[in-house]
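In: everything below, folded, please.
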Amino acid sequence: MKSAAVVNYAPEKGSVELREISRPDYGDEDVLLEVANVGVCGSDLHQWTGDHSWEVNYPVVLGHEFGGKIAELGKNVKGWQEGDRVVSETAAIIDENNPMSRQGYYNLDPTRKGFGYGVNGAMTQYVSVPARCLHKVPDSLEFTYACLTEPCCVAFNSVVENSRIKPGDRVVVLGPGTIGILCSAVARLCGADVAVIGLESDRKRLEIAASYGCDTFIENGMDWVMERDGLGADCVIDATGVSASLKTAMQLVRPKGQITKVGWGPKPLGFNIDPIVQKNVAIQGSFSHNWPVWERVISLLTSGKLDVKPLIGGVWPLEEWHEAFEKMHDGTIVKSVLSPGQ
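Out: Model (predicted):
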């Protein structure tokens, strides 16, 4: 049995196409998941445009933000049934004996490989998933929204687990992409006053950030940052994916404040980072997520306290993946969702 899949087949720009692939095999500890919806991530776009900075196992099916129903169970899988509604974490391959994994931080296992670059992802009808990656989704949470649990977890991990944000703090988010807007939404849930800064080309995205109760600015939010006491932001979250934005973060952050970097910027910095020393600033990286983060986020999505609807610009059948990618890439929309069964 074959089905269509969005496949990244080479490192060169544009090396993504729709192909027919066989129904995947799955192991004794795995499930075969029938995909309902899969979100398009910025990393999928970077692999499509050939400007990514991570190793890819070509050819590979794209897609790591997904949910669906369990179609079949591996013989050793316990606690799950066919038909269960689930979403999946991204850590498809880990070393469970790695010291980080044994502490619950398998997202930081150096040997970790994720869906969509290390192993086949979910932009297809069926995907093999380790049962340890699964989380139950209540019937009240539609898969169109549940499939965005993963980027919500990236934001939650960045803001709640890796930043020191308190009610009343002033937080600046650089970059109004999916992760930036979700970081701003989570920071608002933490009780912070939040400003999101983008470029002229980000006006539509900034309007969505404003719908979450954030102040928004084109390129310069210094007046807002200095409004309280003239010292700067308590925390700056860099979600741009551009290395040079760290310079802006250093200008905006207050002495003894924090910069949390969640966006990937592969280019060299090319500027002096001594302001980090002078201001006694903590700089914190934030990568991926783990089990307890997923459980918290699913609860927030189910309750409606974290609402992803404003982010979604449309749902496309798998055959129209190119349009879905293009609309995200040119900034027309923030988030595209694919529906392999549509």
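In: rest of the way, CA atoms for contacts and neighbours
Out: OK.
In: how about the strands in the stretch 151-300 of the chain?
Out: Here the stretch 151-300 of the chain has its strands, by DSSP state E, counting those that start in this stretch, at 170-174, 193-198, 215-218, 233-238, 253-261, 282-285.
In: how about the ones you listed in TSV, adding mean pLDDT, distance to Glu89 and mean neighbour count?
Out: Below are these laid out as TSV (pLDDT from 0 to 100; distance: least, Cα to Cα, whole Å; neighbours: other Cα atoms under 10 Å):
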stretch	mean pLDDT	distance to Glu89	mean neighbour count
strand 170-174	98	25	29
strand 193-198	98	28	25
strand 215-218	98	31	19
strand 233-238	98	23	29
strand 253-261	98	21	23
strand 282-285	98	20	16
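In: count the neighbours of the closest residue in space to Gly118 that isn't next to it in sequence for me.
Out: In space, and not counting its chain neighbours, Gly118 is closest to Asn57: 5.2 Å by Cα to Cα, 6 or more residues apart in numbering. Burial of Asn57 is recorded as 17 neighbouring residues (other Cα atoms under 10 Å).
In: again, but for the one 10 residues further on
Out: Per other Cα under 10 Å, the neighbour tally for Gly67 reads 32.
In: and it, bridged to which residues?
Out: Beta-bridge pairing for Gly67 (DSSP bridges): Asn37, Val87.
In: mind listing what it touches?
Out: By Cα atoms under 8 Å, 6 or more residues apart in numbering, the contact list for Gly67 reads 35-38, 85-88, 143, 146-147.
In: give me the buried entries from the residues you listed.
Out: 35-38, 85-88, 143, 146-147 (16 or more other Cα atoms under 10 Å).
In: quickly check these for the two that are furthest apart.
Out: Farthest-apart pair in the buried ones among the contacts of Gly67 is Val38 and Arg85; separation 14.0 Å (Cα to Cα).
In: looking at the residue most central in space within the chain now. What's its pLDDT?
Out: Compute the mean C-alpha point of the chain, and by Cα atoms, centre = their mean the closest residue is Pro151, 2.9 Å away. Looking at Pro151, its pLDDT stands at 98.
In: just for the chain, where's the confidence low?
Out: 342 (pLDDT under 70).
In: hang on, the earlier thing: burial count for the nearest residue to the residue nearest to the centre of the chain once chain neighbours are set aside?
Out: Excluding the flanking residues, the one nearest Pro151 by Cα to Cα, 6+ apart is Ile179, at 6.3 Å. Residues contacting Ile179 under the criterion other Cα under 10 Å number 26.
In: same question for Asp169.
Out: Counted by other Cα under 10 Å, the residues lying close to Asp169 total 18.
In: mind telling me what element Ser3 is part of?
Out: Per DSSP states H and E, Ser3 falls inside strand 2-8.
In: neighbouring contacts of that strand?
Out: 15-23, 47-48, 58-62, 123-125, 318-319, 321.
In: give me the buried positions along it.
Out: In strand 2-8, counting by 16+ other Cα under 10 Å, buried: 4-8.
In: which of the residues you listed lies closest to Arg132?
Out: Ala5 (24.2 Å).
In: and the following helix or strand past the strand holding Ser3, what does it pack onto?
Out: Remark: after strand 2-8, the chain's next helix or strand is strand 16-22, criterion DSSP H and E. Judged by 3 or more Cα pairs under 8 Å, 6 or more residues apart in numbering; DSSP states H and E, strand 16-22 is in contact with strand 2-8.
In: tell me the angle the strand it packs on makes with strand 16-22.
Out: Here the directions of strand 2-8 and strand 16-22 differ by 150 degrees (axes from the mean of the first three to the mean of the last three Cα atoms, to 10 degrees).
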